[in-house]
Structures are given as structure tokens and as C-alpha cells.
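A.B. asks: Sequence first, then the predicted structure, then my questions.
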Number of protein chains: 2
Amino acid sequence: MSFEYLIDPAHGPQWKGALPGKPVPYVLRRGEGEHAMLFTDLFTVLLSGDETENQFGIIVSDSPAGDVIPTHSHNATHETFYVIEGKVRLFFEDPDGQKQSQLLTPGDFGYVPAGFAHAYKIEEAARLMGTLSGGFERFFQHMGTPTDSTSPDQPPFIPDFPRMQAAAQQHNMQFMPEYRWPDA
Amino acid sequence: MSFEYLIDPAHGPQWKGALPGKPVPYVLRRGEGEHAMLFTDLFTVLLSGDETENQFGIIVSDSPAGDVIPTHSHNATHETFYVIEGKVRLFFEDPDGQKQSQLLTPGDFGYVPAGFAHAYKIEEAARLMGTLSGGFERFFQHMGTPTDSTSPDQPPFIPDFPRMQAAAQQHNMQFMPEYRWPDA
């Protein structure tokens, strides 16, 4: 197994500085941004709260088929799911507490505001774009690990439990391992 | 010329209610949302400040080749430009006051925060996604006109000058007709 995708902590990721860190104009080419690997997914931050006075951040995720993002909810983070490529089944709790699921294909859009349990499953290898309440985009870096590879086709990064707990606490969210969905 | 794309003001657009108007989960299929025609562009609101506690809104625009969005700036609105399809030249002022331009192709991303002059030109028929500070997504409806057609291939809607002025004032932005770009 090759580990050249990992960052040498002494030097930090080469993507450092890809985002300006303050509200000024900039452009990123496809594949550019701040990359982090979390489980089998490559998360790329295109915009952070640092550029938007903490209004919103934007991520792109590349995920292999079969991948499941387990049920969780954010106490103060709104989140969108726009399918660029692939197929994604989004599971979410509706305002009546009913459990819903919808299969999203390219061009489809899902929205889950703060406080609603949700999960998703990658039915076909997918690229998703998400807009999040500002600051939450760093969650994937804090629970995952930085990488300079732009490919999701690399060994997964499995955080240990204390790392997961710390990232969840820092970003005011919780995993809900007991939660079940009818269609899952 | 056929006008069936126009809304009967007595009944309002059929898309009314496409968005929940409060922070609850929902899904839109490709092409769904609140459509408005402004000049030659079809703007579709996927998410508004009403769903996000006014944090952010999301639009998709469909624009024909040759179209130009004239130079303007928003006093309090941050805006992103993600190219889903086509080619778009983004013009923007940088922090040093220099005039920049970049040709964006699918997967490329541009960001222009509040206070920076910008414009864009559609080099090849394009679909763009934009995230905006909450509330500004309604600008396109206020300056444009609602439509139920999901195609940009319809007669343009040219607002009169008082309508343009009113929408600009309501949304705290200004057009800059004297501004020139080197590459335009």
C-alpha cells in the first residue's frame, strides 16, 4: 500500500493558501481547493466562513458507490445537497417526524436545515456540492485528514473514536447510531 | 410570437409553493424551483433566505451564448459562480483595484464578495449555480418576471428603467455602466 497521498505534517498540505482566508474575489479550477479524506470520501472546500463573514461555506464531495454517510443532525447548521454526478439516496426526517427518502440524480437538489436527522447513501459513484452554514465546512478536515490527492480512489481514512467525538463536539452535531430508516 | 410562457397575474406562477418558505427539509428535481426571466436569462431559485434564517440562498441560471451580465456591485451580498455547463468569462476587481478576467468551464468556481465590481459574459450557453447572501436570490424575480417555462429559449424580458432602479435599491446594489474591462 502506498502512502504518498498523506501529508507530511511538518510541511502541511500543498493546498494551503488555495483559499484567501478573507473576503476577496478568487477563482478555483475544477479539482482545486482544500482536500481532506474522511472514510472513503474526498471532501474539497471551495469556500469557507473566512471568506463570507461566516455566512456560508461550500464543499464538493467525491464518493464511491455503496458509501453511507450515517445518520446525524446539526444543531445550528443548514445543509444543501446538489448532485453534480451520480446517484444519491437522501434520507431525512420531515417536520411531522416521518422518515422520508428520495433518490437524487444529476441536477436534483435537497435541503436539510438545522435540527433534522438525515443520512445519505451513494447509489452510484457521485460528486455532490453542498452549501453549509459558515464554519461547518471545516468539519470534514477536522474529522478527516488533509490530502493533496484530488482522487477519491485512495485508501480510506478511518478516524478513531476520540477524533470523531472531538470533531462532532466542535461543530455542534451528533451522530445517531440507533436511528433506522425504512428504505435503508 | 407566443406568450404562453407569461404568468397570468390573477393566478400567479404554478411554481408558487415549490419552496416551503420556512426551515424544513425538501427536495427539488432538476428544473424545479421558482423561475423568473430577466433579459435573456432564466433564473431559478432553489433555496431562499426564508429557509435558511436568511443565511444564504441558491439560484441556478440558464443563459444563452453572448449574453452579458453588466458590471455591478452589491454592498452587502457575497456571491459565488459555479459552472455546471458551458463557458463563462468572469470579470472582477481584485483587492488592489486591478481588473481581472478568468474563463470558467465546467467544475470551475468563482467568488466575489460584497463591495467588488464584477460582470460576466456567457461564452458558450451556460448553466451556473450561485450561492448568495440570504435574500438576494429574490433580486432576479423583482427585476425580472415570473415564468413557468423551464427553458431559457423564450423571448427576453427587458425591465423598464424604474423597475431596474427599484430592484437595485431594494437589494442594495448598483450597476456601474461607466466601468470598463480590458478583455471585454
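C.D. replies: The structure has been received and is ready for your questions.
A.B. asks: any chance you could map the helices in chain A?
C.D. replies: A:139-143, A:161-170 (DSSP state H).
A.B. asks: so which of those comes closest to chain B?
C.D. replies: helix A:139-143 (16.4 Å; Cβ to the nearest Cβ). For glycine as for every other residue, the C-beta is placed from the backbone atoms N, C-alpha and C.
A.B. asks: Can you tell me which of the helices of chain A is most buried?
C.D. replies: helix A:139-143 (a mean of 21; mean count of other Cβ atoms under 10 Å in any protein chain shown).
A.B. asks: which outside residues touch that one?
C.D. replies: Residues from elsewhere that reach helix A:139-143, judged by Cβ atoms under 8 Å, 6 or more residues apart in numbering or on different chains: A:34, A:36, A:38, A:43, A:45, A:59, A:61, A:159, A:163-164, A:166-168, A:170-171, A:173.
A.B. asks: hmm, back to that, could you dump the helices of chain A into JSON lines with mean pLDDT added?
C.D. replies: Output for these, formatted as JSON lines (pLDDT from 0 to 100):
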{"stretch": "helix A:139-143", "mean pLDDT": "96"}
{"stretch": "helix A:161-170", "mean pLDDT": "95"}
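A.B. asks: can you tell which of these is closest to B:G115?
C.D. replies: helix A:139-143 (28.2 Å; Cβ to Cβ).
A.B. asks: quick check, distance from that closest one to the centre of its chain.
C.D. replies: For helix A:139-143, the separation from the chain centroid amounts to 8 Å (computed by Cα atoms, centre = their mean, to the nearest Å).
A.B. asks: Next: stretch A:64-81.
C.D. replies: The answer for stretch A:64-81 is 7 Å, by Cα atoms, centre = their mean.
A.B. asks: Going by neighbour count, which residues of that stretch are buried?
C.D. replies: Residues of stretch A:64-81 classed as buried by neighbour count (16 or more other Cβ atoms under 10 Å in any protein chain shown): A:64, A:67, A:69, A:71, A:73-74, A:77-81.
A.B. asks: residue ranges for the strands of chain A, please.
C.D. replies: Counting by DSSP state E, residue ranges of the strands within chain A are A:26-28, A:34-38, A:41-47, A:56-63, A:68-74, A:79-93, A:99-104, A:109-112, A:118-133, A:145-146, A:173-175.
A.B. asks: what's the closest of these to B:D96?
C.D. replies: strand A:26-28 (13.2 Å).
A.B. asks: For A:L42, give the beta-bridge partners.
C.D. replies: Beta bridges link A:L42 to A:M37, A:D62 when assigned by DSSP bridges.
A.B. asks: show me the contacts for it.
C.D. replies: A:L42 makes contacts with A:35-36, A:61-63, A:147, A:149-152, A:154, as judged by Cβ under 8 Å, 6+ apart.
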